[in-house]
Each structure stands twice: as C-alpha cells, then as structure tokens.
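sequence unknown, structure follows:
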Ligand SMILES: O=C(O)CCC(=O)C(=O)O
Ligand SMILES: [Fe+2]
C-alpha cells in the first residue's frame, strides 16, 4: 500500500517530528552534489573504527567538529558551511514552529551502501554537551529508521520509513532517545537524483 496514501507529518514521540518530503528535488540534488564535493578531500568518507575494534558499515565524514568515538575532537574534516547551519535552523523551525537560536556547529554525513548491507545499530547521540535538537536529512535510498526510548536499546520503538527529502528532528524529551537504521532498501532512490545508496546528514550543537 506504500505510495497509495500521502505520507503525513508525524510526531513520533514527544519532541521527535518527521516531516516527509521537506526537501524539494532540486535541493536534494544540490545536497548530494555537496556531499560528493566534501568527500573529494582532503579527508575521504571512511568506516569509523570503534574503540572495541568494531568497524562501522556506514562511511562517514565530519563537518565542523570531527567525532572520534566517543567524543568530538579538535580536527575538522570539512568546515560546516553557513548555508547548512541556516538550513538546520529552518528545519528546527519547521518541526517546532521556532528555531530558538539553533546554532549547530557539527554535522555527520553518513553514506549507506545499501548493496553492501550498511546499517546503523541502536545508539544515543550523547556526546554533545547541549540538549539542542538533532536535525536529520535523508537523501537517496529509503531506509527504516528505528526511533526508540531514552531508557533501553529495545522496545518500545517506532519504525519510520525515511525517504529521500525527508526531515526528522529529535529534541526535547526525545533528544537522548535510542535510534538506529536497521535496513536500507537498495535501489529505491529517486531516479533523477543520481545517487546509489543513502546519504544522511545530521546536524548537532556540540556545546564545545
Ligand atoms: O542515518 C540516519 O538516519 C541516522 C544517523 C545517526 O543516527 C547518527 O549519525 O548518529
Ligand atoms: Fe544518531
């Protein structure tokens, strides 16, 4: 039945807002072009190695501050552009009706190679020293985004389909909720986007 009914804006949990189709197609193409440009160097997208030795299946790049699991370091892969800060502010205003001076200083760009089965386990974004919201933008392949609770990695959670162009903001009572991406549906990116796989940009205020 997917596609028969329009996807509606939804408050998935208090402070967690899903806005389907927020980015117009032309904006999505611009963002994909920017993600490609950022990856040209000097620092490429890479699989982050976790302190326990695990290797993330997602390939990531840091804008603004670089995340060195599990903290933000001083190194910068790519500067965080002002236009992306402005987009983040518009996103928070879209979700909550006001942006309250949202001032992100870091972003992760995550690339999911759907053909290779890339996914992201349940985790909290808790290395920031503020409780300002996280803004998430999705491009390319559709994924299952699992949005849970602040107590455990497990149930209760809600599975949300994030499609290219969707906005998801989590703040307030949901800021430290566990979330993850158990599945990316290969080959579901909009044909005109020119992207194989999924890109996700998450903006944060590190408070540092
Ligand atoms: O890819 C996503 O939608 C989520 C990414 C995420 O949770 C993160 O980068 O911390
Ligand atoms: Fe996260």
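Yep, that arrived. Predicted, not measured: the structure shown is a model, and the values here were computed from it. Ligands and ions are numbered 1, 2, ... in the order given.

List the contacts of the helix or strand bottoming out on mean pLDDT in the chain.
Ranked by mean pLDDT, DSSP states H and E, the weakest helix or strand in the chain is strand 67-68, scoring a mean of 86. The contact list for strand 67-68 (C-beta atoms under 8 Å, 6 or more residues apart in numbering) reads 48, 60, 73, 75, 106, 108, 127. Every residue, glycine included, has its C-beta placed from N, CA and C.

Who does it pair with, and is each partner parallel or antiparallel?
Strand 67-68 pairs in its sheet with strand 71-72 (antiparallel), by DSSP bridges.

Indicate whether the partner strand makes contact with ligand 1.
No - Strand 71-72 lies out of reach of ligand 1 by C-beta under 6 Å from any ligand atom, never closer than 12.7 Å.

picking up where we left off before, now, which of the contacts of strand 67-68 sits nearest ligand 1?
residue 108 (4.5 Å; C-beta to the nearest ligand atom).

Could you give the separation of the least confident helix or strand of the chain from the chain centroid?
16 Å (C-alpha atoms, centre = their mean, to the nearest Å).

is it true that residue 102 touches residue 89?
Yes - if you go by C-beta atoms under 8 Å, residue 102 and residue 89 touch, sitting 5.0 Å apart.

of the contacts of strand 67-68, buried ones?
48, 60, 106, 108, 127 (16 or more other C-beta atoms under 10 Å).

From the contact counts, what lies against the helix or strand hosting the fourth one?
Residue 108 is part of strand 106-112, with elements assigned from DSSP states H and E. Packing partners of strand 106-112 (3 or more C-beta pairs under 8 Å, 6 or more residues apart in numbering; DSSP states H and E): helix 25-39, strand 55-64, strand 198-204.

Of these, which is nearest ligand 1?
strand 198-204 (3.3 Å).

Tell me which of the helices and strands packed on strand 106-112 is the most buried.
strand 198-204 (a mean of 24; mean count of other C-beta atoms under 10 Å).

burial of residue 80, as a residue count?
18 (other C-beta atoms under 10 Å).

helix/strand/coil for it?
At residue 80, secondary structure determined by DSSP: H, G, I helix; E, B strand; the rest coil is coil.

now swap in the one 3 residues further on and tell me
Secondary structure for residue 83, judged by three-state DSSP, is helix.
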